[in-house]
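Trainee: Below: sequence and its predicted model.
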Amino acid sequence: MTSHSLFPPQPQPRLAGVPFLLLPLLLAACGGGSDDTSTTTSNAEKVACESLAGTTLAGGKVLTAAAIPAGDYTPPGQPGPVTGLPAFCRVTALMQPSTDSSVNVEVWMPRQNWNGRFLGTGNGGGGGSIAYITGMAEGLKRGFASANTDLGTAPDPNLAIDHPERWRDFGYRANHEMTVTGKALATAYYKAAPRTSYFQGCSTGGQQALSIAQRYPDDYHGIVAGAPANNRTHLHTMFIHNLKALTAPGAALSQAKLNMVTAKVLAACVGKDGGAPTDTFLTDPRRCSFDPETLPKCAGTDSDTCLTVPQLTALKATWNGPVNPRTGERIFSGLPVGSESAVLGLGFQGDTTSWPAQQFYMFKWALGSAWNYATFDMDRDMDTADARLASIMNANDTDLSRFKANGGKLAMFTGTADPGVPYASAIDYYERTVQAQGGDLAATQNFFRYFLVPGMGHCSSITGGPGVGDFGQSYSQYVPKDADHDILLKMVDWVENKTAPDSVIATRYADATGTTVAMERPICAYPKVPTYQSGDATKASSFKCVDAPRNGVQAPAARYLN
């Protein structure tokens, strides 16, 4: 099985430590508006950028500063280049908000054509390295001064046992450190503060996004939160639940069996949930009432075209999701129907080697290095893990009043075929936020909108999903051609021109270069979903945003929204 995490950041050497300093920002200023359009860095620009090296920050220090020419660039420790970059000033810093913190930060600032904005970007998985292609490089290409952080868990989040300050860095503090540092460096470099600031992240980055809105409402004007792992301790308990179900005697499901299950689900529901009858994915799985008993059952001989009794039992368990065995209270939702065979789906979640190493680090933090997922008690151990980590790791608070009062705007999205962070969690969070706004959907939509993305897997088309998966979000491989296809630029328009996004056009490409479009479809502000009208189902114009039933998802008990 290929190794994947929620999203595995690329390897990056840990930067050297420096003494913990609590001194005012003393940043050397430099200009970012040179007329030099060559791919070489002029001596003046090199001096201006590189003079930032060694600068003392409040709680840290700039380690390196280098003027990078336009073109392809391979950051240290990376297996290959980040391509097509404009000339930029690359700055690395180490922040130490506690005596046990080592938060690495990078800021990439365009040398020409800065758009006057700052973009903070999210990481993935357990962090542990700078994530260059989760929005930072793509933001730079759009003209943003962009930043990322390793979340303070380098070199491996599994090693942070008995380091509660590093848990806090991972849960929320590292992003604030990155934000303060990034804005200060941009102000020094351009001799002008960013006029607006944005954050974009998915998965762990989506958790970061919601945590920022809840804890640091002044940090950003606009936030894009993708597939937010904000109910993290309970999301990862779903992973334990699924792994235990899939490793029960006789329960293992081959990829071929999973493909068969997904095909049966689609055959039963495609075209009945708002999508086109020719779709190979579900637009709104909430409207797919699939009966698992209709799946073919093996009679005597096991094969990839049927399920044995233990296999069917395991499959049902993953759809049902984890519950407290003593009280019957729901801990987290189950997987969406139609996502069984996807990347990060049950083939991955049943892997006893790579999946625990990638996804269970937080249980080691809470329960110790000797902890074993096979003996995890969904009642007692869940309470212990929550007591130590929920207030740090989870971002379930629906009180966004300070963020709203500051004029902040928030857009959230998840894919309907995402087994990594099931869309039910995001819908539940959104509906709970509506209730916190007095049950007023319109009042909520004035500052917070949610988009359900048909057929998208985890965060983008990179991790599969047969539907649309590129619209300018984190992990999208392509910078969109215009603002209608770009949720980040839609956010800019919302913040700066008060134009709230009703929809964004999402794309699926037919090739790896992003030059041939296979399909386009609008993604719509909840509770609307793209609904097929007539004509070519690969064209966005064949769909209209239409209201769908609200909620309709498995919701955790209040006890598990801590």
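Mentor: Arrived safely, thanks for sending. Residues are numbered from 1 along each chain as shown.

Trainee: which outside residues touch the helix or strand hosting residue 507?
Mentor: Assigning secondary structure by DSSP states H and E places residue 507 in strand 503-509. For strand 503-509, contacts defined as Cβ atoms under 8 Å, 6 or more residues apart in numbering pick out 451, 453, 456, 461, 467-472, 478, 480, 484-487, 490, 515-525, 528, 530, 540, 545. Bear in mind the C-beta positions are built from the backbone N, C-alpha and C, glycine included.

Trainee: so where is the protein shaky, pLDDT-wise?
Mentor: For the chain, the stretches flagged by pLDDT under 70 are 1-41.

Trainee: after the longest helix seen in it, next one along is what?
Mentor: In the chain, taking DSSP state H as the definition, the longest helix is helix 174-190. For helix 174-190, the following helix or strand on the C-terminal side (DSSP H and E) is strand 196-202.

Trainee: That next one: partners in the sheet, and parallel or antiparallel?
Mentor: Strand 196-202 sits in its sheet next to strand 117-121 (parallel), strand 222-226 (parallel), going by DSSP bridges.

Trainee: Now do the first one against helix 174-190, angle only.
Mentor: Angular relation of strand 117-121 and helix 174-190 on a 0 to 180 degree scale: 150 degrees, by axes from the mean of the first three to the mean of the last three Cα atoms, to 10 degrees.

Trainee: Can I get the buried part of the contacts of strand 503-509 as one PyMOL selection?
Mentor: Provided next is the PyMOL selection string for whichever of these are buried by 16 or more other Cβ atoms under 10 Å:
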select buried, resi 451+453+456+461+467+468+469+470+471+472+478+480+485+486+487+490+519+520+521+522+523+524+525+528+530+540+545
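
Trainee: Now, the contacts of strand 503-509 that are in strands?
Mentor: Among the contacts of strand 503-509, the residues falling in strands (DSSP state E) are 451, 453, 517-524, 528, 530, 545.

Trainee: Please write out the alpha-carbon positions of the longest helix of the chain in CSV.
Mentor: What follows is helix 174-190 as a C-alpha-only set of coordinates in CSV (Å, rounded to 0.1, in the frame of the first residue of the first chain):
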residue,chain,number,x,y,z
ALA,A,174,2.5,27.8,15.6
ASN,A,175,0.2,29.4,13.1
HIS,A,176,-0.1,32.6,15.1
GLU,A,177,3.7,32.7,15.4
MET,A,178,3.9,32.3,11.6
THR,A,179,1.3,35.0,11.0
VAL,A,180,3.0,37.6,13.2
THR,A,181,6.4,36.8,11.8
GLY,A,182,5.3,36.7,8.2
LYS,A,183,3.5,40.1,8.4
ALA,A,184,6.5,41.7,10.1
LEU,A,185,8.9,40.4,7.5
ALA,A,186,6.6,41.6,4.7
THR,A,187,6.3,45.0,6.3
ALA,A,188,10.1,45.3,6.5
TYR,A,189,10.8,44.0,3.0
TYR,A,190,8.2,46.2,1.2
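
Trainee: Off-centre distance for that helix?
Mentor: Mean-position distance between helix 174-190 and its chain equals 22 Å (Cα atoms, centre = their mean, to the nearest Å).

Trainee: From here on, call the first residue 538.
Mentor: In the new count, where the first residue is 538, that last one comes out as helix 711-727.

Trainee: And that helix, what does it pack against?
Mentor: strand 597-605, strand 625-632, strand 640-647, strand 654-658, strand 682-686, strand 733-739, helix 741-752 (3 or more Cβ pairs under 8 Å, 6 or more residues apart in numbering; DSSP states H and E).

Trainee: Other residues contacting stretch 973-990?
Mentor: 821, 935-937, 940-941, 945-953, 960, 963-964, 967, 970-971, 1004-1006, 1008, 1024, 1037-1038, 1041, 1043, 1060-1064, 1066.

Trainee: Would you mind measuring from residue 602 to residue 609?
Mentor: Note on residue 602: its distance to residue 609, by Cβ to Cβ, to the nearest Å, is 20 Å.

Trainee: scratch that, residue 937 is what I was asking about
Mentor: From residue 937 to residue 609 the distance is 40 Å (Cβ to Cβ).

Trainee: Just want to know which of those two has more residues nearby.
Mentor: More crowded of residue 937 and residue 609, by other Cβ atoms under 10 Å: residue 937, with 20 against 11.

Trainee: give me every residue that touches the more buried one.
Mentor: Residue 937 touches 750-751, 754, 945, 947, 970, 973, 984-985, counting by Cβ under 8 Å, 6+ apart.

Trainee: Was I right to think residue 882 contacts residue 873?
Mentor: No - using Cβ atoms under 8 Å, residue 882 makes no contact with residue 873, being 9.9 Å away.

Trainee: Need the overlap of contacts for these two.
Mentor: Both residue 882 and residue 873 are contacted by residue 956, under the criterion Cβ under 8 Å, 6+ apart.

Trainee: Same question for stretch 735-749: list its buried residues.
Mentor: Quick answer for stretch 735-749 (16+ other Cβ under 10 Å): 735-749.

Trainee: Not counting sequence-adjacent ones, nearest residue to the residue positioned nearest the centre of the chain?
Mentor: In the chain, the residue lying closest to the centroid (Cα atoms, centre = their mean) is residue 739, at 1.4 Å. Once flanking residues are discounted, residue 739 sits nearest to residue 763: 3.1 Å by Cβ to Cβ, 6 or more residues apart in numbering.
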